[in-house]
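1. test case, fold it:
(one chain, ligands or ions: 1)
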Amino acid sequence: MVSVQFYIILNEHAGSGRAKVLWPEIKQQLDDAQVSYQLAISEYANHAILLSEQFAKQLPDEPHQNWVVLAVGGDGTLHEAINGLTKQPRTYPIPVAYLPIGSGNDFARGAGMALKWQDALKQVVQCTHATDYDIGSYDETIKQERGVFTNNLGIGFDAAIISQANQSKAKVWLNKHHMGKLSYLASALDVYYNQTGFTLTVHVGNQRDIYPNAFLVTTTNHPYFGGGVGIVPDATIDDHQLHLVVIEKPNFFKLMWLALRLAFKRHLTSKAVHYYQASSVHLTVPAIEYGQLDGEEMGGRFFDVYVGLKQYPFWFDTTI
Ligand SMILES: Nc1ncnc2c1ncn2[C@@H]1O[C@H](COP(=O)(O)OP(=O)(O)OP(=O)(O)O)[C@@H](O)[C@H]1O
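-> Numbering: from 1, shown residues only. Predicted coordinates for the structure are as follows:
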């Protein structure tokens, strides 16, 4: 059995504070299993990027390191941890693990990890080898921002919903009472009425498609966004493909029809839905639209973004 040590990055705010409540139990399980670890607490939004970056900087870039960075929180915490880890390229990247105790936990769903944290913890601590999985990479040339994502990069509807829900005080209350999805539903209706279609250009290989009335533009690495919504049901984190879904603004009845088809995983064949599979895509949006990365807000902005694929070592075993 390989003996690894974990550098744990804990976001006590994940799951609207659920992570803080659960931590003593998680710690107990780690101690019972005699797991060796060092704990770092995320003190503010984006702190986990700095923590993992600093951790990587002080660890020599040599083979046979036995450290794993374990993000304890939601998709946002994993997003920050892996972005810190990938800031400086390494010959021997430090594997990343994840304990899903956020609100959406889409990466855990997409990767086939257990959603019950006790089981997910076993999948991490009993894992004996790192496995390379796909992650997305992006290079946004207007604001000159680049990084990686484990789940998706979205422009338009999904991103506007996240932004709206994050501003809503009701979200915290609903999350606490395990009804977080309701806050997204309320925001979705609000955004639907307020968001107009926008112009999008998609470049894939030699193909160039222009959509004058784009509404939802999501590039995803696995099926899920928005806390378990299966936007590309057949995507997997080891298919070496990016999956791009473009939906043109539907009227209200069409929206309801699409939602129904989505529930039955039949939406990708709808006329209003355009689906691409590729190893890289280039998207341009010459209007101010919201963006989201793994459920984190990118803000309102123009987009000229190159999206690609990379591989990164993960430390969990879904067969456990
Ligand atoms: N100390 C902190 N204070 C306030 N916010 C923090 C702190 N540490 C991290 N954050 C922020 O908390 C936010 C939510 O984290 P995260 O996404 O992990 O949980 P979640 O939103 O509940 O889960 P999910 O993304 O899976 O729905 C992130 O945007 C992160 O930047």
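
2. what's the neighbour count on Trp173?
-> When neighbours are counted by other C-beta atoms under 10 Å, Trp173 registers 13. For the C-beta atoms, the positions are set from N, CA and C on the backbone; glycine is no exception.

3. which helix or strand contains it?
-> helix 169-176 (DSSP states H and E).

4. need the contact list for Val69.
-> Residues in contact with Val69 (C-beta atoms under 8 Å, 6 or more residues apart in numbering) are Phe6, Tyr7, Ile9, Ser52, Phe55, Ala56, Ala81, Leu85, Ile94, Pro95, Val96, Ala97.

5. flag every residue of the stretch 1-150 of the chain that's near the ligand.
-> Within the stretch 1-150 of the chain, the positions near the ligand by C-beta under 6 Å from any ligand atom are 11, 13-15, 42-47, 73-77, 102-105.

6. near the residue in the stretch 201-320 of the chain positioned nearest to the ligand, how many other residues are there?
-> With C-beta to the nearest ligand atom as the measure, Gly295 is the residue of the stretch 201-320 of the chain nearest to the ligand, at 4.2 Å. Counted with other C-beta under 10 Å, the neighbours of Gly295 add up to 27.

7. what's the answer for Leu78, then?
-> Leu78 is flanked by 33 other residues according to other C-beta under 10 Å.

8. remind me which residues of the stretch 51-200 of the chain are low pLDDT?
-> For the stretch 51-200 of the chain, the stretches with pLDDT under 70 are 168-172, 174-183.

9. which stretches of it form strands?
-> Secondary structure of the stretch 51-200 of the chain (DSSP state E, counting those that start in this stretch): strands located at 67-73, 96-100, 131-140, 145-149, 152-156, 198-204.

10. and the stretch 201-320 of the chain, by the same measure?
-> 207-220, 224-225, 229-230, 242-248, 273-278, 281-293, 296-314.

11. which of the residues in the longest one are buried?
-> Neighbour-count burial for strand 296-314 flags 296-298, 301-303, 305, 307-309, 312-314 (criterion: 16 or more other C-beta atoms under 10 Å).

12. ok so, going back, using a markdown table, lay out the strands of the stretch 51-200 of the chain together with distance to Val273.
-> As requested, those are exported to a markdown table (distance: least, C-beta to C-beta, whole Å):
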| stretch | distance to Val273 |
| --- | --- |
| strand 67-73 | 32 |
| strand 96-100 | 28 |
| strand 131-140 | 20 |
| strand 145-149 | 22 |
| strand 152-156 | 13 |
| strand 198-204 | 13 |
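
13. next, the angle from the longest helix that the chain contains to strand 96-100.
-> Ranked by residue count and defined by DSSP state H, the top helix of the chain is helix 14-32. Put simply, helix 14-32 runs at 110 degrees to strand 96-100, going by axes from the mean of the first three to the mean of the last three C-alpha atoms, to 10 degrees.

14. and the very next helix or strand once past helix 14-32, which strands flank it?
-> As assigned by DSSP H and E, the chain's next helix or strand after helix 14-32 is strand 36-41. Using DSSP bridges, the strands paired with strand 36-41 are strand 5-10 (parallel).

15. just how off-centre is the strand it pairs with within its chain?
-> Chain-centre distance of strand 5-10: 19 Å, with C-alpha atoms, centre = their mean, to the nearest Å.

16. touching that strand from outside, list them.
-> For strand 5-10, using C-beta under 8 Å, 6+ apart, the contacting residues are 19, 23, 35-42, 48, 51-52, 55, 66-73, 77, 80-81, 97.

17. go on, stretch 237-244?
-> Stretch 237-244 has contacts (C-beta under 8 Å, 6+ apart) with 110-111, 133-134, 136, 202, 204, 217-222, 231-232, 235, 275-281, 283, 307-309.

18. mind redoing it with 6 Å?
-> With C-beta atoms under 6 Å, 6 or more residues apart in numbering as the test, stretch 237-244 has contacts from 110-111, 133-134, 219-220, 222, 232, 235, 276-278, 281, 309.

19. let's see stretch 237-245 as PDB, backbone CA atoms only.
-> The C-alpha trace of stretch 237-245 is given here as PDB (Å, rounded to 0.1, in the frame of the first residue of the first chain):
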ATOM      1  CA  ILE A 237     -13.800  12.700 -17.900                       C
ATOM      2  CA  ASP A 238     -11.700  10.200 -19.900                       C
ATOM      3  CA  ASP A 239     -13.100  10.600 -23.400                       C
ATOM      4  CA  HIS A 240     -10.400  13.300 -24.400                       C
ATOM      5  CA  GLN A 241     -13.200  15.500 -25.800                       C
ATOM      6  CA  LEU A 242     -14.700  18.800 -25.000                       C
ATOM      7  CA  HIS A 243     -18.500  18.900 -25.400                       C
ATOM      8  CA  LEU A 244     -20.000  22.200 -26.500                       C
ATOM      9  CA  VAL A 245     -23.700  22.900 -26.300                       C
END
